[in-house]
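Colleague: for reference, the sequence and a predicted model appear below.
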Amino acid sequence: MSERALAAGDAAGEPTLRRSIGPFQLFAYTLGGMLGAGIYGLVGRAAGQLGSAVWLGFAVAMVAALLTGLSYASLGSRYPRAGGAAYVVHRTWHRPLLTWMVGLAVMASGLTSVATQSRVVAENLLRLADIPAIPPVLLSLGFILLIAGVVFRGIRESMWMNILCTVVEATGLVLVIAVGIPWWGSADLLETPGAEGIGASFLLQGAILTFFAFIGFEDTLNVAEECHDPHRTVPLGIISAMLVATVLYMAVAITAVSVVPWQELATAPGPLAEVMERAAPWLPNWIYVAITVFAVANTALLNYVTASRLTYGMARHGLLPGVLGRVHPRTRTPHVAIGALLLVVIALMLAGDITQLASATVLLLLAVFACVNIALLILQRRPGEPPGGFEVPAAVPALGALVCLALLGNRVAAGDWRAPALAAVVLAVIGLLYLVVRPRNVLPAS
């Protein structure tokens, strides 16, 4: 909806989302979305491919990810709407089916992630408390209900929980760096597994692997409608968080290969746990299990917030049933959307191991990123489109689209065939749902 429409709705007594997110909160929100549990295992996989030069992989991946991040920052400053990528695509092409596909693809990625993470939290809690008598499914269910309750309670409460979890996540990485600094300088940071050395092909492969450590910035666009001064806050939050994440990732990578030879790091079941065991044997093992719980819980929280705002935004434009666009008068959250998504997440959790499905939806995110970059290119050239508070040259979204398409092509061609096949099935199901729902009162994106 337009700013005028939102104001009119509020004046008419219809509750709207509350603007309460400031620059620091959005920075923490974006950073928390990226500092997920993935980095704790990704360092080992990257070391197996890049050797001691793993830090270079994160540097190149940041440049590649920042292209799309800058596009999201520009779009957030132009159109601070809860629908995120779906709103941008709808405004660009005015094709309800395409908007539906993009919106539900992002939603599917978020919801499968929440369901998967609920199981990871349950497993780690059982390890932490050593209480095998409690069925993991009950812990998963309790975790999901807790996250849904926080999201329903309000955006302020969600932001405070995110800040807490992000601080714990970042502290875990800083702790690795702090105990490993004495080892800096003990390893050749340009040693690679092959004899070809560091070239363009080597850096590209490293970027392909480490790019996914930066996924999470896209969540920010969905809470832009709840930001104070979004034209400034959204770009500042996305860019600053990506830069801080890069510094942390590179420092952790240097520390890891300095403390543990990259050949051993690549085969370690818990790479950073192995680093801590060697650099700080006095540290209790349970600390990193606890940090993992916070990291996974934070990712689940942010995915749930994103999915609820996306559902709300699509409902407000007539692409989903209008009841999903209702806002609770006291909490100022899309309570109906939150409740509906709760049922979907519980069903996914009860379905069992859906890690392959979660991997498939990550592929869909790359396609969404390419669409968003192309949309910005079109909107920049459309007469009458209002400029945002943060504009980028056309080369940024153009290169961002090419990078995302190249990554998508590489993952499809070189990865496990099951993930692309599942992604195709998910798209087919989303298309069939559109034929069933048949949105008839789709509003223009104003």
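Modeller: Noted; the coordinates are in hand. Everything quoted here is computed from the prediction, not taken from an experiment.
Colleague: contacts and neighbour counts: CA atoms only from here.
Modeller: OK.
Colleague: and the helices in the stretch 51-200 of the chain?
Modeller: Per DSSP state H, counting those that start in this stretch, the stretch 51-200 of the chain carries helices over the ranges 54-78, 85-93, 96-129, 136-153, 155-180, 200-210.
Colleague: deepest in the core, which of these is it.
Modeller: Most buried of these by mean neighbour count (mean count of other Cα atoms under 10 Å) is helix 54-78; its value is a mean of 25.
Colleague: how far off helix 200-210 does that one point, in degrees?
Modeller: 60 degrees (axes from the mean of the first three to the mean of the last three Cα atoms, to 10 degrees).
Colleague: check the offset of helix 54-78 from the chain's centre.
Modeller: Relative to the centre of its chain, helix 54-78 is centred 13 Å away, using Cα atoms, centre = their mean, to the nearest Å.
Colleague: ends of stretch 81-100, how far apart?
Modeller: 16 Å (Cα to Cα, to the nearest Å).
Colleague: please renumber the chain so that the first residue is 19 from this point on.
Modeller: OK, 19 is where the count begins now, so the last one is stretch 99-118.
Colleague: and stretch 341-360, end to end?
Modeller: End-to-end distance (Cα to Cα), stretch 341-360: 15 Å.
Colleague: which other residues reach that stretch?
Modeller: For stretch 341-360, contacts defined as Cα atoms under 8 Å, 6 or more residues apart in numbering pick out 32-36, 129, 162-163, 166, 169-173, 325-327, 329-334.
Colleague: next one: stretch 75-92
Modeller: 64, 68, 221-222, 224-229, 232, 235-236, 239, 252-254, 256-257, 260, 264, 267-268, 387, 390-391, 394, 406-410, 414-415, 417-419, 421.
Colleague: for it, the averaged confidence score.
Modeller: The predicted model assigns stretch 75-92 a mean pLDDT of 93.
Colleague: list the contacts of the nearest residue to residue 112 once chain neighbours are set aside.
Modeller: Closest residue to residue 112 apart from its sequence neighbours, by Cα to Cα, 6 or more residues apart in numbering: residue 462 at 7.3 Å. Residue 462 makes contacts with 108-109, 112, 335, as judged by Cα under 8 Å, 6+ apart.
Colleague: and the gap between residue 462 and residue 138?
Modeller: Distance of residue 462 to residue 138, computed by Cα to Cα: 41 Å.
Colleague: over to residue 300?
Modeller: Here the criterion is Cα to Cα. By it, residue 300 lies 26 Å from residue 138.
Colleague: ok, residues contacting stretch 129-143?
Modeller: Residues contacting stretch 129-143 (Cα under 8 Å, 6+ apart): 154-155, 157-159, 161-162, 307-308, 310-311, 314-315, 317-319, 321-322, 325, 359, 362-364, 366-367, 371-373, 375-376, 379.
Colleague: rerun at 6 Å
Modeller: By Cα atoms under 6 Å, 6 or more residues apart in numbering, the residues outside stretch 129-143 that reach it are 154, 157-158, 311, 314, 318, 363, 366-367, 376.
Colleague: now tabulate the residues you listed in a markdown table and tack on distance to residue 186 and pLDDT.
Modeller: Formatted as a markdown table, these follow (distance: Cα to Cα, whole Å; pLDDT from 0 to 100):
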| residue | distance to residue 186 | pLDDT |
| --- | --- | --- |
| 154 | 24 | 88 |
| 157 | 21 | 92 |
| 158 | 21 | 94 |
| 311 | 10 | 88 |
| 314 | 11 | 88 |
| 318 | 15 | 93 |
| 363 | 25 | 96 |
| 366 | 28 | 93 |
| 367 | 26 | 93 |
| 376 | 25 | 79 |
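Colleague: ranking those by neighbours, who comes first?
Modeller: The most crowded member of these, judged by other Cα atoms under 10 Å, is residue 318 (28 neighbours).
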